[in-house]
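# need coordinates for the following:
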Amino acid sequence: MTNDNLTEMKKSRILLITATIVLLVIMVIVFPQESPREFDGARALEKVNWQVAQGARIPGSQAHERVLQWIESDLRKSRWEVEIQHDNSNPQLPIKNIIARRDAGRPWIILGAHYDTRPVADRDPNPQNRLQPVPGANDGASGVAILLELGRVLPRKMDKSIWLVFFDAEDGGGLPGGEWILGSTYFASQLESYPDAVVIVDMVGDSDLNLYYERNSSLELSQSIWNQAAALGYNQFIPAPKYSILDDHTPFLERGIPAVDIIDFDYPYWHTLEDTPDKVSAESLEAVGKTLQYWLLAYAGQK
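Numbers count the residues shown, from 1 in each chain. This next block holds a predicted model:
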């Protein structure tokens, strides 16, 4: 073999190695490996603060519309496909549910929270406050914050399809012309195929967090989530029944879909003007969020 042939072979090898390196770099840029992310309670608390700063999220208000657009934008940044589901059957109270998906077809798990707030603080101890709107830091904003942070940390590719749904018009019951859980009731009525389970988070951020089994919730589903919390060392989840609550899980239970309501109904500032961000803690948000993150990954076979 001549020196010229050896030189050509070396050049070919160098070109091949260079092309391989360039191809690997392109693959890393175009198809980056997704590094695991952990639920961050501090990030979730920031999202609580932002929602409350917009004002009361009463359906039809400017604050309600701003938060709707913000939720949609945040989900799209995390690469979820977003649909706004409209129910205009009542012109006085148009409903806008926000549905986030990543895969087509039947959902495996639906995670839900309501993003509206109660129009009046009718349980406030001061009668002069009872016609003012509720700030809704825990009752509304905490559940939304947890879903959005889960939207950030959940893997983009999972074996099973997860939907994040933000329900409208949950909190108007007991008022003139108002009803409870309107958004989730409409959403459930429009489902073309049923999920394996529905998990609702509502009032889950208060500093003194005590989460008991909700009596109407599916027991097996509750046990699996509470067991995951125990495995992570979160004693805020107390495996004993306490309250029976009408909430956004109810329309799914009525259709035979296993559903659970994760809620601290001992929250003393419920439907008062004191439902403010200082009552919410990053630690509580993280306990709930990380429990759900690990539970979802375990049941999807990815943990």
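
# I'd like the average pLDDT over stretch 160-178.
For stretch 160-178, mean pLDDT rounds to 95.

# how about the strands in the stretch 51-200 of the chain?
With strands called from DSSP state E, counting those that start in this stretch, the stretch 51-200 of the chain shows them at 81-87, 95-101, 109-114, 162-167, 197-202.

# turn the ones you listed into CSV, including distance to Y267 and mean neighbour count.
(Each C-beta comes from the backbone N, C-alpha and C, glycine too.) Shown next, in CSV, are the strands of the stretch 51-200 of the chain (distance: least, C-beta to C-beta, whole Å; neighbours: other C-beta atoms under 10 Å):
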stretch, distance to Y267, mean neighbour count
strand 81-87, 28, 14
strand 95-101, 24, 22
strand 109-114, 15, 26
strand 162-167, 19, 26
strand 197-202, 10, 26
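
# relative to Q62, which of those is closest?
strand 95-101 (13.7 Å; C-beta to C-beta).

# that closest one pairs with which strands, parallel or anti?
Partners of strand 95-101 in the sheet, by DSSP bridges, are strand 81-87 (antiparallel), strand 162-167 (antiparallel).

# let me have those in CSV, extended by distance to Y294.
Converted to CSV, those look like this (distance: least, C-beta to C-beta, whole Å):
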stretch, distance to Y294
strand 81-87, 25
strand 162-167, 14
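
# how about the ones you listed, which one is nearest S142?
When these are compared by C-beta to C-beta, strand 162-167 sits nearest S142, at 12.8 Å.

# next, the angle from the closest one to strand 109-114.
20 degrees (axes from the mean of the first three to the mean of the last three C-alpha atoms, to 10 degrees).

# pull the residues that contact strand 162-167.
Residues outside strand 162-167 that contact it (C-beta atoms under 8 Å, 6 or more residues apart in numbering) are 71, 75, 80, 97-102, 107-116, 144, 147, 150-151, 154, 181, 183-184, 187, 195, 248, 296, 300.

# okay, stretch 267-284 in CSV with CA atoms only?
Only the C-alpha atoms of stretch 267-284 are listed here, as CSV (Å, rounded to 0.1, in the frame of the first residue of the first chain):
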residue,chain,number,x,y,z
TYR,A,267,-59.3,24.8,56.3
PRO,A,268,-60.6,27.5,58.6
TYR,A,269,-60.5,30.3,56.0
TRP,A,270,-62.8,28.6,53.5
HIS,A,271,-65.0,31.1,51.8
THR,A,272,-63.7,34.0,53.8
LEU,A,273,-61.5,37.1,53.0
GLU,A,274,-58.7,35.4,54.9
ASP,A,275,-58.1,32.8,52.1
THR,A,276,-54.9,34.6,51.2
PRO,A,277,-51.4,33.4,50.1
ASP,A,278,-49.9,33.7,53.6
LYS,A,279,-52.0,30.7,54.6
VAL,A,280,-50.5,28.6,51.9
SER,A,281,-47.1,26.9,52.1
ALA,A,282,-44.6,25.5,49.6
GLU,A,283,-44.1,22.5,51.8
SER,A,284,-47.8,21.5,51.6
